[in-house]
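Colleague: any chance you can model this:
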Amino acid sequence: MQVMKSGLFRVVIILAVVLVVSAVVFPGAASAHNVSKRDASFVQSNKGAAVAAFVYLGAKHMLTGYDHIAFLIGVIFFLYRLKDVVQYVSLFTLGHSITLLAGVLGGVHANPFVIDAIIGFSVVYKAFDNMDGFRRFLGFEPNTKVAVLIFGLFHGFGLATKLQELDLAKNGLVTNIISFNVGVEIGQVLALTAVLIALSVWRTQKSFLRDAFATNTVLMTVGFILVGYQVAGYFQAV
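Modeller: Numbering: from 1, shown residues only. Here you go, the predicted model:
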């Protein structure tokens, strides 16, 4: 039974990685921040406040935003106390909310490829941190709370750059964007709940500590792929 459980979790991890890599290699099938044509059509045709619809769109974005989820998996990977999980996720949420609202409502602009490359790098950073890479190879450990907050700012800006590409109606805009942000946080809670349950069960297995380094190596690789894809997109667009 023990071997079966260990094997099951390895399969789940491999499947998750395959899904992420597939989304990167085949961006037409899925993209971390792109808004689907159907959703974009609705957003641009909407002329007033639509709280429920924008909450749904925000939750949908987070649940399909594999770069956000990959980063948050890295953030909570070694957090055993719920208090710590809430604290770190709250910092990410704060940063994510600030730049999402500032980008769309405040008109703050940036190159989307650069922002998304930094988001990919955030996954690399957290995986490297989980592997104790900073202390072992660089002789210091960064302030993880500050790092999570800063990267949260970039994650929120990543979505803002995509929403800025849409022709958003001014009527009800503030209500809709706030509703969208609420939906993002609801989706985040749902995604993290599933991840926490999986991690909690896996941590009871001997395979957790044995495979933690390998798992974060895979996570880091995914981050590098995300960075590479965005860098390539940047030079193609120039």
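
Colleague: what's the weakest-modelled helix or strand in the protein?
Modeller: helix 2-25 (a mean of 49; mean pLDDT, DSSP states H and E).

Colleague: remind me which residues of this protein are low pLDDT?
Modeller: Low-confidence segments of the chain, defined by pLDDT under 70: 1-36.

Colleague: quick one: the helices in it?
Modeller: Residue ranges of the helices in the chain, as given by DSSP state H, are 2-25, 37-45, 51-64, 66-76, 82-105, 112-130, 133, 144-163, 173-202, 207-237.

Colleague: reformat the ones you listed as a markdown table; add mean neighbour count.
Modeller: All C-beta atoms are positioned from the backbone trio N, CA, C, and that covers glycine. Below are the helices of the chain laid out as a markdown table (neighbours: other Cβ atoms under 10 Å):
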| stretch | mean neighbour count |
| --- | --- |
| helix 2-25 | 14 |
| helix 37-45 | 13 |
| helix 51-64 | 19 |
| helix 66-76 | 24 |
| helix 82-105 | 18 |
| helix 112-130 | 23 |
| helix 133 | 16 |
| helix 144-163 | 21 |
| helix 173-202 | 18 |
| helix 207-237 | 17 |
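
Colleague: identify the residues contacting Ile115.
Modeller: If you count contacts by Cβ atoms under 8 Å, 6 or more residues apart in numbering, Ile115 has them with Phe154, Phe157, Gly158, Thr161.

Colleague: tell me who's in contact with the last one.
Modeller: Counting by Cβ under 8 Å, 6+ apart, Thr161 touches His33, Gly103, His109, Ala110, Asn111, Pro112, Ile115, Asp116.

Colleague: one more time with 10 Å, if that's ok
Modeller: Taking Cβ atoms under 10 Å, 6 or more residues apart in numbering as the criterion, Thr161 is in contact with 33, 99, 103-104, 108-116.

Colleague: from the residues you listed, which is closest to Lys170?
Modeller: Val104 (11.6 Å; Cβ to Cβ).

Colleague: surely the closest one touches Ile98?
Modeller: No - in this structure, Val104 sits apart from Ile98 without contact. The criterion is Cβ atoms under 10 Å, and the distance is 11.6 Å.

Colleague: show me the contacts for the most centrally placed residue in the chain.
Modeller: Relative to the mean C-alpha position of the chain, the nearest C-alpha, by Cα atoms, centre = their mean, is the one of His68, at 0.3 Å. Taking Cβ under 10 Å, 6+ apart as the definition of contact, the neighbours of His68 are 32-33, 61-62, 92, 96, 119, 122-123, 152, 155-156, 158-159, 184, 187-188, 191.

Colleague: can you list the contacts of Ile115 in a markdown table and add distance to Val85?
Modeller: Conversion of the contacts of Ile115 to a markdown table gives the following (distance: Cβ to Cβ, whole Å):
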| residue | distance to Val85 |
| --- | --- |
| Phe154 | 21 |
| Phe157 | 24 |
| Gly158 | 23 |
| Thr161 | 28 |
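
Colleague: stretch 106-122: how far from the chain's middle?
Modeller: Remark: stretch 106-122 is offset 13 Å from the chain centroid, using Cα atoms, centre = their mean, to the nearest Å.

Colleague: wait, Leu153 touches Leu94, no?
Modeller: Yes - in this structure, Leu153 is within contact of Leu94 by Cβ under 10 Å, at 8.8 Å.
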